[in-house]
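K.L.:
Quick one, structure for this:
(2 chains)
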Amino acid sequence: MKSKKLSEIRLSMPSLLWLIIFFMIPTIIVVIISFRNSNPSGGIAPGWSLHGFSDIMSLSFAAILWRTIKLSFLTTIVCIFVAMPVAIFMARAEEKIQNLLLLLIVIPFWTNFLIRVYAWKIILHPEGLLKKILYTVGLIGEHGSLLYNEGAVLLVLVYTYLPFAILPLYTSIEKFDFRLIEAARDLGSGPFRSFMKIFLPGISQGIISAVMVVFIPALGSYVIPDMVGGPGGEMLGNKIAQRVFTDRNLPKGSALSTLLILAVILPGLIRLFIKKSNLKDVLFKRKTPGVQ
Amino acid sequence: MDDFLIFDGIHKSYGQYKAVDNVTISVNQGEVFSLLGPSGCGKTTLLRLCAGFESPDAGRIILNGTDITNLPPDKRKVNTVFQNYALFPHMTVRENIAFGLKVAGKSGREIEKEVDAMLDLIQMKDHADKKPALISGGQKQRVAIARALVNKPQILLLDEPLAALDLKLRQRMLIELDQIHDEVGITFLFVTHDQGEAMSLSDRMAVMNEGKIEQIGRPVEIYESPLSSFTAAFIGDTNFFDGRVVEMLPDNYSRLSIDGLPDAVCFNDSARKVGDMVHLSVRPEKIMMQRQSPPGHHKVNIINGVVENLVYLGGYTKYWVRAGEWMISAQQQHHHFQLDEKPLTWDDNVWLSWHADDGFMLEKYHLDDEKMLTMPEDGDLLAEDIGNAQPADENEAGEEL
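P.N.:
Got it, this is the predicted structure:
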């Protein structure tokens, strides 16, 4: 047993070292800097302080934090809802069609991310085609804007992260035994109930992965709100960039990053927790029937 | 009650392939009715039609006087035991069994009581809080049965329920199934490719081939008086002789002429006429083997041959005896039945005999049936034919590998 554990550690050493050097240490450095004094020239001054966290007290920060969480949450929900039927269709299609659809989902990645966001900027632009069509149809006023608001950020976030939601869902649905749905129907359960009680729990690992893969990067997004968000669509990532590049205040930027790191670690911890026990039992403190 | 479940002129095709072709079956209330046939014969399709997972192209399904042909599966008072059990992996044994009752909206107390009763019936009380991944194949099987039975269906569908179990466990589960049926008294519709399972469990059975019903009857009727050469060959082993009716004898007997063999006497139940070409089917275990010529009798057929091959199978020994152009298979239960107390062995000269009532005349089988036969038609005994000519049990064990 002991030697087995030893060999496990030895085998995972390279990736562990990689993670420590390129991930853990930089993260720790960021956390440390957030507690340092700032230097007007953009560096770090000697001494320790909590000055970096003073931003958190301001009202505008609360609004941005709320918007960041709200947009990430909405992005996740929309992505899961859109990705679910796509993934189900893909998983149940013939193998040839499956491969074709997988290819179609991956193809956008061959184009640079920035260029794709710029493309959205052109589509949503006040002089752009979409605005003109919507204006002609009467769905939008002359001064209504598709660009530079929360909606635009949400749209592009969903566009960007949708493939990341589809892929884990597809993988778990493909492994799902659809005869279980037949069994549920056979036992008197209607289509909706069978979906909720048998299908969703059956692919729960895929759903959790999809949520993580969308929610965490969405929390930290910076380029998308910067390009299509305008001042009304700023997210925490933009605030961090502003602190570092415009204000040249490294501790303040680091303090915000530290908050974001916490926000990202928290769902990760929850996920670890879920894996060990049933989510419902954790949330509602419910006893499983039969365990008295 | 008769006509409890009726399949009335059912047709079901997948593209060009006719899975079920004009099938009409009537199942009585409380009986165990088996659908038996080789894979692809349409038996599973028929079961899925009854469960509501498929809908027929034509025909009606009537359960207890109600037309259920177009009802969705959840609206039918029918429950299924699936071949792979299809237990819900994220639920415990207890939750699996309770699922149908919960869906039906029963109170928690009622559910607990009925599930407990079921757990007692299948003797799984100690494992009630385990997930399906942690219990054995036989236990899963029992949970699957309990999960279906707890809903008190009007009919229980069993789709090859024992196929995934090993031989010993299968035999035990077969007895348990029989006991459960005796206790609950629900009508069972049982799909299997295993004649042993079908014969031991069924009150009546339907033999299916290529989407059609070959014969419906009690196991003893099917085995002792098959109506087609397919049934004769699929259920158990048999010898087929090509013959022609040459003379009608008194008391409904006929004399057959068979190329290369002495004329045979056979009971002529289906009124074949002189000149008709027929198959004479004789089961191996009905043929007696002796070293001395048995005394002649006008109702006993006697053939002289040489033992070409034999396979010792424990409970009995299987012989292939060459008689002229024919290879005849026969069975002996005991090595020392011979007068000289020596077992029959290779190259021994033997006398084969069978009673006229033990042979039956059938129509000529068509070519596709040949795969069912254990005896090579032209008398050539090939190595692979010996391999095929095993008792049913071993054949099925091989299929699972």
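
K.L.:
which residues of the stretch 301-401 of chain B score low on pLDDT?
P.N.:
For the stretch 301-401 of chain B, the stretches with pLDDT under 70 are B:334-338, B:364-401.

K.L.:
Which residue ranges of it form helices?
P.N.:
In the stretch 301-401 of chain B, the helices defined using DSSP state H, counting those that start in this stretch lie at B:383-388, B:392-400.

K.L.:
Just the element for residue B:18, please.
P.N.:
Element membership for residue B:18, per DSSP states H and E: strand B:17-27.

K.L.:
Let's see that strand as CSV, backbone CA atoms only.
P.N.:
Provided in CSV are the C-alpha atoms of strand B:17-27 (Å, rounded to 0.1, in the frame of the first residue of the first chain):
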residue,chain,number,x,y,z
TYR,B,17,-36.9,-5.9,-42.8
LYS,B,18,-40.1,-7.5,-41.5
ALA,B,19,-39.5,-7.9,-37.8
VAL,B,20,-43.0,-9.1,-36.9
ASP,B,21,-45.2,-10.4,-39.7
ASN,B,22,-48.9,-10.9,-39.1
VAL,B,23,-48.7,-12.3,-35.6
THR,B,24,-51.8,-13.2,-33.7
ILE,B,25,-51.4,-14.5,-30.1
SER,B,26,-53.8,-14.8,-27.3
VAL,B,27,-52.4,-15.0,-23.7
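
K.L.:
Taking their axis directions, the helix or strand following it and strand B:17-27 sit at what angle?
P.N.:
Toward the C-terminus, strand B:17-27 is succeeded by strand B:32-36 as the next helix or strand (DSSP H and E). With axes from the mean of the first three to the mean of the last three C-alpha atoms, to 10 degrees defining the directions, strand B:32-36 sits at 160 degrees from strand B:17-27.

K.L.:
name the helices or strands packed onto strand B:32-36?
P.N.:
Strand B:32-36 makes packing contacts with helix B:43-51, strand B:187-192, helix B:195-201, strand B:204-209 when contacts are defined by 3 or more C-beta pairs under 8 Å, 6 or more residues apart in numbering or on different chains; DSSP states H and E. Using the backbone N, CA and C atoms, a C-beta is placed for each residue, glycine as well.

K.L.:
Could you tell me the least trusted of the ones you listed?
P.N.:
Of all these, the minimum mean pLDDT falls on helix B:195-201 (a mean of 90).

K.L.:
same for it, what does it pack against?
P.N.:
With contacts taken as 3+ C-beta pairs under 8 Å, 6+ apart, helix B:195-201 sits against strand B:32-36, helix B:167-184, strand B:187-192, helix B:219-224, helix B:392-400.

K.L.:
Just the mean pLDDT for the fourth one, thanks.
P.N.:
To tie it back to what came earlier, the one meant is helix B:219-224. 92.

K.L.:
Buried ones in it, by neighbour count?
P.N.:
Buried residues in helix B:219-224, defined by neighbour count with 16 or more other C-beta atoms under 10 Å in any protein chain shown: B:219, B:222-224.

K.L.:
now that helix: how far from the chain's centre is it?
P.N.:
Put simply, helix B:219-224 sits 10 Å off its chain's centre (C-alpha atoms, centre = their mean, to the nearest Å).

K.L.:
what's downstream of that helix, the next helix or strand?
P.N.:
Helix B:219-224 is succeeded, C-terminally, by helix B:229-234 (DSSP H and E).

K.L.:
which other helices and strands contact the helix or strand following that next one?
P.N.:
Downstream of helix B:229-234, the next assigned helix or strand under DSSP H and E is strand B:239-249. Here strand B:239-249 touches helix B:229-234, strand B:253-258, strand B:264-267, strand B:277-282, strand B:326-332, going by 3+ C-beta pairs under 8 Å, 6+ apart.

K.L.:
Let me have these in JSON lines, extended by mean neighbour count.
P.N.:
As requested, these are exported to JSON lines (neighbours: other C-beta atoms under 10 Å in any protein chain shown):
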{"stretch": "helix B:229-234", "mean neighbour count": "26"}
{"stretch": "strand B:253-258", "mean neighbour count": "19"}
{"stretch": "strand B:264-267", "mean neighbour count": "22"}
{"stretch": "strand B:277-282", "mean neighbour count": "20"}
{"stretch": "strand B:326-332", "mean neighbour count": "23"}
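
K.L.:
any chance of these in TSV, plus distance to residue A:258?
P.N.:
What follows is the helices and strands packed on strand B:239-249, written out as TSV (distance: least, C-beta to C-beta, whole Å):
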stretch	distance to residue A:258
helix B:229-234	75
strand B:253-258	97
strand B:264-267	96
strand B:277-282	87
strand B:326-332	84
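
K.L.:
Dump these to JSON lines, plus distance to chain A.
P.N.:
What follows is the helices and strands packed on strand B:239-249, written out as JSON lines (distance: least, C-beta to the nearest C-beta, whole Å):
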{"stretch": "helix B:229-234", "distance to chain A": "28"}
{"stretch": "strand B:253-258", "distance to chain A": "51"}
{"stretch": "strand B:264-267", "distance to chain A": "47"}
{"stretch": "strand B:277-282", "distance to chain A": "40"}
{"stretch": "strand B:326-332", "distance to chain A": "41"}
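
K.L.:
Which one of the ones you listed lies nearest to residue A:160?
P.N.:
helix B:229-234 (61.2 Å; C-beta to C-beta).

K.L.:
ok, how many other residues are close to residue 198?
P.N.:
Using chain A here. Neighbouring residues of residue A:198 were enumerated by other C-beta atoms under 10 Å in any protein chain shown; the total is 27.

K.L.:
Wait, chain B was what I had in mind.
P.N.:
Residues lying near residue B:198 (other C-beta under 10 Å) number 24.

K.L.:
got a list of what it touches?
P.N.:
B:34, B:36, B:190, B:192, B:205, B:219 (C-beta atoms under 8 Å, 6 or more residues apart in numbering or on different chains).

K.L.:
what about the first one, distance to chain A?
P.N.:
Shown here: residue B:34 relative to chain A, a distance of 20 Å by C-beta to the nearest C-beta, to the nearest Å.
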